[in-house]
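# Got a sequence here, can you build the structure:
(one chain, ligands or ions: 1)
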Amino acid sequence: MNLERALLRRVGEAIGRYRMIREGDRVAVALSGGKDSLTLLEALLRLQRRAPVQFSVSAFTIEQGKFLRSLDALSHWLQERGVRWLCLEDRPSLKLMELQPGHGCDLCSRYRRRAVYEAARSLQANVIALGHTADDLCEALLRNALFNGRIAALPPVTWSSRREFRLIRPLIFVSEHMTQLFVERIGAPVTPCACSLRTGGVRQQIRQLLAELERRYPHLKRKLVSAMGHLDTARLLDPRFLEGEPKETEAPHTAELPVLASRAGN
Ligand code: SF4
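Below is the predicted model:
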């Protein structure tokens, strides 16, 4: 199937099914410099021309001191496309890199979240589009189930704490294999981040496990994403969803279950 058509169909399906983009929205794409967010931006620009609702698209990048190359090529590429782009140099993150170069993802994401809202505010956006893919959903599901004792992945649509921004993930039905092919096709300047070279963490191990399984069982990740939309709650153990139990009953904490929850970092 034609790559562009397949990609836009999947992005359009996610946007439509979860009402991600609405009339008059001002969407700011969080551009990490990687293949996924570049694909997301390009897909939204192409869908914008044919969508039944009017919306604007801008983009921003948070500079946290982790890029392995200059952002000049990205800046030039966005200029050529007429995309309004803000590159926000996050001073607290740069300071953090200086003082604690080995800091973990928790700290980094907390700093980035604050900067993301600041950038979106500067662009006067009401929607922030994030480039998480079907692969990210599968990894999050396994990580949460295996290490956090709960069945959860990533929300397709959610809100910032004071409901200032709607956060959307239009690539939830798109695989990273597809984003890789697409950025190659359009010649988008992927700017690698030092963290992409990391190995050995839980996230990377789950990624490898899924890749290995997918080699043996094609479409496995697609089926996993599909499973997230078809819960059979009667065959799970949460009393809130079992017949005859009061709705407000709390789920038992992992520690109360007769299984020891594993502990792991990222
Ligand atoms: S992988 Fe790197 S950039 Fe991403 S949250 Fe972790 S430390 Fe930050």
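
# By residue count, tell me the biggest strand in the protein.
strand 55-63 (DSSP state E).

# what is the mean pLDDT for that strand?
What strand 55-63 shows for mean pLDDT is 98.

# OK, contacts around the residue nearest to residue 210 when sequence neighbours are not counted?
Leaving aside its chain neighbours, residue 210 sits nearest to residue 138 (5.8 Å; criterion: C-beta to C-beta, 6 or more residues apart in numbering). Placement of C-beta: from N, CA and C, glycine included. The neighbours of residue 138, taking C-beta atoms under 8 Å, 6 or more residues apart in numbering as the test, are 153, 210, 221, 224, 225.

# Tell me the pLDDT of residue 138.
Confidence score, pLDDT, at residue 138: 98.

# just residue 254 next, same as before
Listed pLDDT for residue 254 reads 44.

# got it, and residue 243?
In this model, residue 243 is scored at 81, pLDDT.

# The nearest residue to it once chain neighbours are set aside and residue 225, how far apart?
Nearest residue to residue 243 in three dimensions, chain neighbours excluded: residue 234, at 7.0 Å (C-beta to C-beta, 6+ apart). Residue 234 is 21 Å from residue 225, where distance means C-beta to C-beta, to the nearest Å.

# Between those two, which has more neighbouring residues?
residue 225 (19 against 8; other C-beta atoms under 10 Å).

# The longest strand of the chain pairs with which strands, and in what direction?
strand 25-30 (parallel), strand 84-89 (parallel) (DSSP bridges).

# Need the contact partners of the first one.
The set of residues external to strand 25-30 that reach it, using C-beta under 8 Å, 6+ apart, is 21, 37, 40-41, 44, 53, 55-62, 116, 119-120, 123-131, 166, 168.

# one more time with 7 Å, if that's ok
21, 37, 40-41, 44, 55-60, 116, 120, 123-131 (C-beta atoms under 7 Å, 6 or more residues apart in numbering).

# the helices in this protein, which residues?
3-17, 35-48, 72-80, 91-99, 105-122, 134-143, 176-186, 202-216, 220-228 (DSSP state H).

# mind exporting the fifth one as PDB, just the C-alpha atoms?
In PDB, the C-alpha atoms belonging to helix 105-122 read as follows (Å, rounded to 0.1, in the frame of the first residue of the first chain):
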ATOM      1  CA  CYS A 105      14.500  10.100  32.800                       C
ATOM      2  CA  ASP A 106      12.200  11.200  35.700                       C
ATOM      3  CA  LEU A 107      14.100  14.400  36.300                       C
ATOM      4  CA  CYS A 108      14.700  15.100  32.600                       C
ATOM      5  CA  SER A 109      11.000  14.600  31.800                       C
ATOM      6  CA  ARG A 110       9.900  16.800  34.700                       C
ATOM      7  CA  TYR A 111      12.100  19.600  33.400                       C
ATOM      8  CA  ARG A 112      10.900  19.100  29.900                       C
ATOM      9  CA  ARG A 113       7.200  19.100  30.800                       C
ATOM     10  CA  ARG A 114       7.500  22.600  32.300                       C
ATOM     11  CA  ALA A 115       9.400  23.800  29.200                       C
ATOM     12  CA  VAL A 116       6.900  22.200  26.900                       C
ATOM     13  CA  TYR A 117       4.000  24.100  28.400                       C
ATOM     14  CA  GLU A 118       6.100  27.300  28.300                       C
ATOM     15  CA  ALA A 119       6.800  26.800  24.600                       C
ATOM     16  CA  ALA A 120       3.100  26.000  23.800                       C
ATOM     17  CA  ARG A 121       2.000  29.100  25.700                       C
ATOM     18  CA  SER A 122       4.500  31.300  23.700                       C
END
